[in-house]
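Engineer: the following comprises the amino acid sequence and a computationally predicted model.
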Amino acid sequence: MDNQIPLLRRRSFIGLGLGGLAHVAGFGGLPSARAANSSGRKGQAKQVLVIFEQGGVSHMDTFDPKPDATTEHRSPFKTISTVVPGMQFTELLSRTAKVADKLTVVRCMTQPTPGIGDSHPKGSQYIFSGEAPGGAVDMPDISSVVASIMGTRSEFLPSNILVPGTSEQAKESRVGFMPPGYAVFKTGGNLADPKWRVPNLGLMADIAPERFQRRRDLLSNLDVGFAHGGSVKDVEAMHALLQQAENMLTNPKTREAFDLEGESERMRASYGKGHRGQCYLLGRKLIEAGVRFVTVDVREPRQSWVDGVEKSYDGGTNMNWDHHDAIYSTSHTNIPGGGAGAGRWGIGTWPMMGSTDQAFAALIEDMDQRGLLKETLVCFVTEFGRTPKINDRQGRDHWTHAFSFAFAGAGVPGGQLVGSTDRDGGYITSSMGYTIEDYAATIYEKLGIDRSKPLHTASNRPIILAAKGRPIPELFS
């Protein structure tokens, strides 16, 4: 009897099938024993928090100032010192400069894959998956891979969550060849709205806990098997998935993890009371609650709230970092004769770098004070940078030859600059440049995942994780 597949005890509720339950839960299966790193180095991170500022943040206006650049193409923002001697940012990162001792800034990121630099959807998919889109296999998000290998740290929350997952690029997040139960859970909504709640947790809104319990108990004696067979591990994983889904729907700690009103007013204000600040704060809350992998992909919406008061950003129809037009505007970028850069505000305005600088600095300081940085890898990323030259529409276009990422926590040395670019910020001058595949390899290595052991597609095709990448050595202590 040992070779028989055990029956799957059906713990669900009427009207929601196993596939739907897996999608709502967003849980990975059982934690895997596959945790040893191929390098023999013990994993330094237990969790990952990715801040994905989508659209292509201008590196020479932020982490890689170029005060000696050609006058007509120079950033108007002053170069400032940070708390680390010799480490400088621009004045747009005045708050982040105060936590620079906790950061490693990699100024030599590059993205050499042809065709992707002209596409924000492909660039976003590249960041989510750590693999260049367009290959023979549709690759899953890094977060989905991590969920499948490492499982969840919290019995009442999904393994991987995207905050808020409402932009047009959020659809580039995908589960690829993996089972749908590993898809990322999206919170949705505008987190600055005083009435914001996670809609995906509304399943219990019209069902009393006692009624839910009776339904579950009524169905608990119904055993079902897999229609097309499956392994013992598959059945055990589905048992765990269903139990975790129940916990998510019934455990009061689930709602507490998403409850921003449970934070003090002082804490909420430190991040910024707009949408971006509250998304960053929720990222910290979810990490603190034990979520394995959190991605924050946020932009201020045109209609938002600041300190509970509704605010409108005129002309701000898509406030990502794609500043092809009027990058230094003090309001919107919808200039006469413009085009691709319309729909956002200038990089130096509050809904852009003002809110980002405040939220990121508050996040790093807050996580450090709570001890969360010790076991959490924090990554500040964007899909590419901006051109060293200003175009004829007073903007900067896509640039893949050089840009900056920032990292903190989980053994990342603080107060460190890695790599360098030329006087105008156009090309890498250091001996080494790092790619998005290297970024993905770094995450896997930090988590202690053995990349020498492949995943397999449904057709049993072996897939090596970040096969073209190598962990960034300067990020390991």
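Structural biologist: Received it, and whenever you're ready, just let me know what you need. Every value quoted in this text rests on a predicted model; they were computed, and no experiment measured them.
Engineer: which stretches of the stretch 351-477 of the chain form strands?
Structural biologist: Counting by DSSP state E, counting those that start in this stretch, the stretch 351-477 of the chain has these strands, from start to end: 376-381, 385-386, 398-399, 403-408, 416-418, 455-456, 462-463.
Engineer: can you check the stretch 1-150 of the chain too?
Structural biologist: Counting by DSSP E, counting those that start in this stretch, the strands of the stretch 1-150 of the chain are 8-9, 47-52, 79-81, 88-90, 104-109.
Engineer: and those strands, which one averages the lowest pLDDT?
Structural biologist: Lowest mean pLDDT within those: strand 8-9, at a mean of 37.
Engineer: check contacts around the spatially closest residue to residue 300 that is not a sequence neighbour.
Structural biologist: The shortest distance from residue 300 to any non-neighbouring residue, by CB to CB, 6 or more residues apart in numbering, is to residue 351 (3.9 Å). To be clear about C-beta, it is placed using only N, CA and C from the backbone, and glycine gets the same treatment. Applying CB atoms under 8 Å, 6 or more residues apart in numbering to residue 351 gives the contacts 274, 276, 300, 304, 313, 316, 319, 345.
Engineer: wait, doesn't the first one sit right on residue 301?
Structural biologist: No - taking CB atoms under 8 Å as the definition, residue 274 is not a contact partner of residue 301, at 9.3 Å.
Engineer: hmm, back to that, how about the strands of the stretch 1-150 of the chain in a markdown table, adding mean neighbour count and distance to residue 132?
Structural biologist: Below are these laid out as a markdown table (neighbours: other CB atoms under 10 Å; distance: least, CB to CB, whole Å):
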| stretch | mean neighbour count | distance to residue 132 |
| --- | --- | --- |
| strand 8-9 | 18 | 38 |
| strand 47-52 | 24 | 17 |
| strand 79-81 | 13 | 34 |
| strand 88-90 | 23 | 30 |
| strand 104-109 | 24 | 14 |
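Engineer: and of these, who's closest to residue 357?
Structural biologist: Smallest distance to residue 357 across those (CB to CB): 9.3 Å, for strand 88-90.
Engineer: parallel or antiparallel, list what pairs with that closest one.
Structural biologist: Take DSSP bridges as the rule and strand 88-90 pairs in its sheet with strand 79-81 (antiparallel).
Engineer: residues making contact with the strand it pairs with?
Structural biologist: Residues contacting strand 79-81 (CB under 8 Å, 6+ apart): 65, 67, 87, 88, 89, 90, 91, 93, 94, 97.
Engineer: which one, of the strands of the stretch 1-150 of the chain, ends up nearest to residue 422?
Structural biologist: Residue 422 lies closest to strand 104-109 among the strands of the stretch 1-150 of the chain, at 11.0 Å (CB to CB).
Engineer: which residues touch the closest one?
Structural biologist: Strand 104-109 has contacts (CB under 8 Å, 6+ apart) with 59, 63-64, 87, 385, 402-408, 412-421, 428, 430, 432-436, 439, 472, 474-475.
Engineer: so where is the protein shaky, pLDDT-wise?
Structural biologist: Scanning the chain for pLDDT under 70 picks out the ranges 1-41, 200-250, 307.
Engineer: does the residue most central in space within it sit in a helix, a strand or a coil?
Structural biologist: By CA atoms, centre = their mean, the mean C-alpha position of the chain lies nearest to residue 295, the distance being 2.3 Å. The three-state label given to residue 295 by DSSP: H, G, I helix; E, B strand; the rest coil is strand.
Engineer: which residues does it bridge with?
Structural biologist: Counting by DSSP bridges, residue 295 is bridged to residue 50, residue 162.
Engineer: circling back: any chance of the strands of the stretch 351-477 of the chain in JSON lines, plus mean neighbour count and distance to residue 116?
Structural biologist: Listed next are the strands of the stretch 351-477 of the chain as JSON lines, based on neighbours: other CB under 10 Å; distance: least, CB to CB, whole Å:
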{"stretch": "strand 376-381", "mean neighbour count": "24", "distance to residue 116": "15"}
{"stretch": "strand 385-386", "mean neighbour count": "30", "distance to residue 116": "13"}
{"stretch": "strand 398-399", "mean neighbour count": "22", "distance to residue 116": "10"}
{"stretch": "strand 403-408", "mean neighbour count": "26", "distance to residue 116": "13"}
{"stretch": "strand 416-418", "mean neighbour count": "20", "distance to residue 116": "23"}
{"stretch": "strand 455-456", "mean neighbour count": "14", "distance to residue 116": "23"}
{"stretch": "strand 462-463", "mean neighbour count": "14", "distance to residue 116": "20"}
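Engineer: with distance to residue 446 added, can I get those strands in CSV?
Structural biologist: Below are the strands of the stretch 351-477 of the chain laid out as CSV (distance: least, CB to CB, whole Å):
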stretch, distance to residue 446
strand 376-381, 5
strand 385-386, 24
strand 398-399, 27
strand 403-408, 9
strand 416-418, 15
strand 455-456, 18
strand 462-463, 20
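Engineer: quick one, which of those strands gets closest to residue 449.
Structural biologist: Using CB to CB, the strands of the stretch 351-477 of the chain put strand 455-456 closest to residue 449, at 10.5 Å.
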